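Peer 1: Need a 3D model of the sequence below.
(2 chains)
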Amino acid sequence: MASHNQKSPIHRAAGKGRRLVASSAARADTCPKLLMRNAVLYGDLPALRHKYLGIWQTWTWADVAETVRAYAQGLHDLGLRHGDTIAIIGTNRPKLYWSMMAAQCLGAIPVPVYADSVAEEMVYVLEHAGVKMAAVQDQEQVDKIFSVADRLPALKAVLYDWGRGLRDYEDDRLHSIDSLIIGGRSHFQKDPRTVTALDDLIEQGKGSDVSVILYTSGTTGRSKGVMLSAERCIAAATDSVAFDRLDENDQVLAYLPLAWVGDHYMNYAQGLVAGFCMACPESADTVEQDLREIGPSFYFAPPRVFENLLTRVTIRMEDAGSFKRWLFKTFIGIAKTYGEDILNGKPVPLGGRLLYALGNLLVYAPLKNVLGFSRIRVGYTAGEAIGPELFSFYRSLGMNLKQLYGQTEAFLYVTVQPDGEIRADTVGPLAPNVEIRLSESGEVLFKSPGMFLGYFKDDERTAETLTDDGFIKTGDAGFFEPESGHLKIIDRAKDVGKLKSGALFPPKYVENKLKFFPNIKEAVLFGDGQDFATCFINIDLTAVGNWAERNNVSYASYQELAGHPEVYDMIADHVTGTNRSLAREPLMAGAQIKRFLILHKELDADDGELTRTQKVRRGFIAERYAPLIEALYNGTTLADITTEVTFEDGRKGSISARVKIGDCPVFAPDTGKAA
Amino acid sequence: MTVTHETIGKGEVLLAVDQVSLSFGGIKAITDVSFDIRKGEIRAIIGPNGAGKTSMLNVINGFYHPQQGKITFKGQTRSKMRPSVAASQGIARTFQNVALFKGMSTLDNIMSGRTLKMNSHFFWQCFRHGPAMAEEIRHREFVEDIIDFLEIQAIRKVPVGKLPYGLQKRVELGRALAMEPDLLLLDEPMAGMNLEEKEDMSRFIIDVNTQYGTTIALIEHDMGVVMDLSDRVVVLEYGRKLADGTPDEVKADQNVIDAYLGVAH
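Peer 2: Model (predicted):
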């Protein structure tokens, strides 16, 4: 079994090292300099935790600094130099975070890659970034890389964290991360001059250098490598750390993909700036248990995570005894009435406060404890719109959940909601030091402290994204609400279309409304240039499966459940509900859904239907399911479709199905009566 | 994992079955079968239903006592061996129908595989104190290693009765591994699994073999899996040995094709 290096003895920077650290504390403009500063300021405080063999292992900032320095030396000995790129592939594990830090010590550029990408997808990024090395989690990733190695001429070394199954691999390029760290340590011992040489390398790092390249998930076409500079990353993180008053006593659970800007900003950059502790889950499957054990004080999750949690809570409550169900329902009702007002500091009658306190004792506190949300001081959600119901559910429990709007290119905040100005339907006022302007077409343009340097090896698209005076085009259409000054995002600017009647067609806006029903997992709307709007639905297997179990509906597969007449009735109800709510908004009333169908398979990133961050790739889906869209508009009630599917191991197969099409009533604007 | 007896080198005979016959009343389950298992190899036993494969495993781990023939394990020859002796000698197994303690957690099930390695006095074990506590911590560490190895951290505390079949099989493998066996007998480790679960299980079997150096004898019906995994294959039919050799030899054997494999389409 791979020898997991546990707590290593603390080596304090001494002599010249200490002076270096003290001087860099004043002007820490790169991540490694921040790390060295933290080793002095917070030396004995936890920097990283990882659950291994069932026990939380902890590394202090001093431990991390020592290990990263040794690792950096190991990488240097292996030939990694300033300006080289190194891919980081795997789940959130300390050694992969160290890989980023160690590379940055040498001025090399880490390129985190989505670990669940299939080899074919991965090779594009690795090739484009011209990676010289790759630090990966395990055999699975090693196999993927070696399977495409002939297309990566620059690749000199593959470093792995977890050695299981790799014992018989004979490839000179393969090294364990442990061996590099040990090698670095012994090099330091043999030749003390290397210690100062490494100090010099760290010191030579410039804030204007590229610190990391984050590849966007690519909702449209090939992903782009967003280059971020160290000083801008640090400037942005410093602003947001101050905004939410984060400090070295906070703790987060790092469970989001390393390649996503959310993890790199919220955890990595903010962690280095604030000096808080980042806990890595034991495995991807244990995140929920780990969350409960760690009890983070700062938490960030896309709305999808909150949705899933609520779905699970709801299902479990439905299975509970009648007294418990009554208790839950009653006190959640009380929380809905008073909870948000209490959190927002508004006046609440004494009776309400007492009831809420009782509810907290009986329901809210235990529930938050089970979810791992007991200690959350600041929680954020972003990436997609969050349902107002969902949002206020968590807030009414007393959890300080807020929204922000940001982009990889902005790194990260563009707008953010300060405490006390929380709304479900806006993304908040400007974040500190951000400038926003709306273009004539309503597109949001911004300048932010963390803004990117450009796309890697892609000046053309960089130029397309920037305005002449240096603002970044978000591609999102939005407007400022006059009374509050909050930004409201409508949709991707290019997705907002018009129906034949000239009525506005904002697909995402409607899809989000649909997705607020727990039974609907995903929805894709069509209608640009058509007479009316139609949509594809993916049912949520957990929620609908539970419903089926309780209603004696038997099914053998997703496909069968999706085609069940009673499921169609249920979804038709949801679509009708959505139409009714759209009818109440004069601007959106035209986008009501006349016909829908439930897809026979779940949309999947492996099939290219979703991005790796689980966003719908509209154009691709429209192409792939063209016969179904045709059927939605030509009045038939059944349509046949055959699609290719990719299994998790990359093999391909095909499934065919006959899909039913459902009809829904639409409502006249504002009246609520059937048209 | 430490192997207790290093006297037998890799590639030497670890277990030899010599002219073994087993019958229940008038029914002959095994007739005059001989083969051996060499240290460090993956040895498959295949054959049609009722060929005597599971009976063979039961003979090897002492659950059945053959009427004729000898079994030599680690150089010691015996005709009868009780299962408890087999277990303490380093033979562990999993079952065709999962045989776990359904009400106990994954962790406790795997811990139960360590029973034979526990030495502290019953008195201390009752109070979970003193030497018993120190010992439990040591064994827990070992078990956690297995949990990590089999990637079942997420179900550590879940009662196994609640787990899907594929995971139960994995827990059962974990319990067998907890005995630090010299010889691991797997009875249809992949029965009833889907492709993905089979691939995972194959991976684990190979890893157990290469990483821990454990000798493995397995019964399996999925020929793709058998031919990929095993170093040597023995084929049984109606209690008799039909063929014995490397996967390629067995695949080419006309008797085996006629009796079991059939003709490739």
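
Peer 1: who's in contact with residue 46?
Peer 2: Using chain A here. Residues near A:Pro46 by Cβ atoms under 8 Å, 6 or more residues apart in numbering or on different chains: A:Thr58, A:Trp59, A:Thr60, A:Trp61, A:Gln251, A:Cys277. Just so you know, the C-beta spots here come from the backbone N, C-alpha and C atoms, and that holds for glycine as well.

Peer 1: wait, chain B
Peer 2: By Cβ under 8 Å, 6+ apart, the neighbours of B:Ile46 are B:Lys53, B:Ile219, B:Glu220, B:His221, B:Met223, B:Val226, B:Val233, B:Val234, B:Val235, B:Leu236, B:Tyr260.

Peer 1: pLDDT of the strand or helix carrying A:Ala102, averaged?
Peer 2: A:Ala102 belongs to helix A:94-105 when elements are defined using DSSP states H and E. Taken as a whole, helix A:94-105 has a mean pLDDT of 97.

Peer 1: swap in stretch A:514-529?
Peer 2: Stretch A:514-529 carries an average pLDDT of 89.

Peer 1: Distance from that stretch to the middle of the chain?
Peer 2: Counting by Cα atoms, centre = their mean, to the nearest Å, stretch A:514-529 is centred 20 Å from the centre of its parent chain.

Peer 1: Please point out which parts of it sit buried.
Peer 2: A:514-528 (16 or more other Cβ atoms under 10 Å in any protein chain shown).

Peer 1: between the residues you listed, which is nearest chain B?
Peer 2: A:Lys521 (21.3 Å; Cβ to the nearest Cβ).

Peer 1: Can you tell me the closest non-neighbouring residue to that closest one?
Peer 2: Residue nearest to A:Lys521 in three dimensions, not counting chain neighbours: A:Asp540, with 4.0 Å by Cβ to Cβ, 6 or more residues apart in numbering or on different chains.

Peer 1: can I assume A:Asp138 is in contact with A:Val158?
Peer 2: No: checked against Cβ atoms under 8 Å, the pair A:Asp138 and A:Val158 is beyond contact range at 11.5 Å.

Peer 1: And the residue of the stretch 151-265 of chain B found nearest chain A, how close does it get to A:Gly333?
Peer 2: Proximity to chain A, evaluated over the stretch 151-265 of chain B using Cβ to the nearest Cβ, is greatest for B:Ala154 at 3.5 Å. As judged by Cβ to Cβ, to the nearest Å, B:Ala154 and A:Gly333 stand 34 Å apart.

Peer 1: Which of the two has more residues huddled nearby?
Peer 2: Shown here are B:Ala154 and A:Gly333; by other Cβ atoms under 10 Å in any protein chain shown, B:Ala154 has more neighbours (20 against 13).

Peer 1: circling back: closest one of the contacts of A:Pro46 to A:His264?
Peer 2: A:His264 has its nearest neighbour among the contacts of A:Pro46 in A:Cys277, at 16.9 Å by Cβ to Cβ.

Peer 1: need the contact list for the residue nearest to A:Val131 when sequence neighbours are not counted.
Peer 2: Distances taken as Cβ to Cβ, 6+ apart put A:Ala87 closest to A:Val131, at 4.4 Å, once the chain neighbours are dropped. Remark: with contacts taken as Cβ under 8 Å, 6+ apart, A:Ala87 is in contact with A:Pro110, A:Val111, A:Pro112, A:Val113, A:Val125, A:Leu126, A:Ala129, A:Val131, A:Met133, A:Ala134, A:Ala135, A:Val136.

Peer 1: Can you tell me which of those residues are buried?
Peer 2: By neighbour count, with 16+ other Cβ under 10 Å, the contacts of A:Ala87 hold A:Pro110, A:Val111, A:Pro112, A:Val113, A:Val125, A:Leu126, A:Ala129, A:Val131, A:Met133, A:Ala134, A:Ala135, A:Val136 as buried.

Peer 1: What does the pLDDT read for the fourth one?
Peer 2: The one in question is A:Val113. 95.

Peer 1: can you check the fifth one too?
Peer 2: With respect to pLDDT, A:Val125 has a value of 94.

Peer 1: can you tell me which residues contact it?
Peer 2: Listed by Cβ under 8 Å, 6+ apart, the contact partners of A:Val125 are A:Ala87, A:Val111, A:Val113, A:Ser117, A:Tyr215, A:Ser223, A:Gly225.

Peer 1: After the helix or strand where it lies, which helix or strand is next? Please name it.
Peer 2: Taking DSSP H and E as the criterion, A:Val125 maps to helix A:119-129. Per DSSP H and E, the first helix or strand lying C-terminal to helix A:119-129 is strand A:133-136.

Peer 1: what about that next one, average pLDDT?
Peer 2: Averaging pLDDT along strand A:133-136 gives 97.

Peer 1: Now tabulate the contacts of A:Val125 in CSV and tack on secondary structure and distance to A:His486.
Peer 2: Converted to CSV, those look like this (DSSP: H, G, I helix; E, B strand; the rest coil; distance: Cβ to Cβ, whole Å):
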residue, secondary structure, distance to A:His486
A:Ala87, strand, 39
A:Val111, strand, 35
A:Val113, strand, 35
A:Ser117, coil, 36
A:Tyr215, strand, 31
A:Ser223, coil, 31
A:Gly225, strand, 32
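
Peer 1: so which two of these are the farthest from each other?
Peer 2: Within the contacts of A:Val125, A:Ser117 and A:Gly225 form the most distant pair, 14.6 Å apart (Cβ to Cβ).

Peer 1: For chain B, what is the nearest residue in the stretch 301-450 of chain A?
Peer 2: Closest point on the stretch 301-450 of chain A to chain B, by Cβ to the nearest Cβ, is A:Asp319, at 13.6 Å.

Peer 1: I'd like the distance between that residue and B:Ser105.
Peer 2: Distance of A:Asp319 to B:Ser105, given as Cβ to Cβ: 21 Å.

Peer 1: higher neighbour count, these two?
Peer 2: Using other Cβ under 10 Å, the more surrounded residue of A:Asp319 and B:Ser105 is B:Ser105, with 17 against 11.
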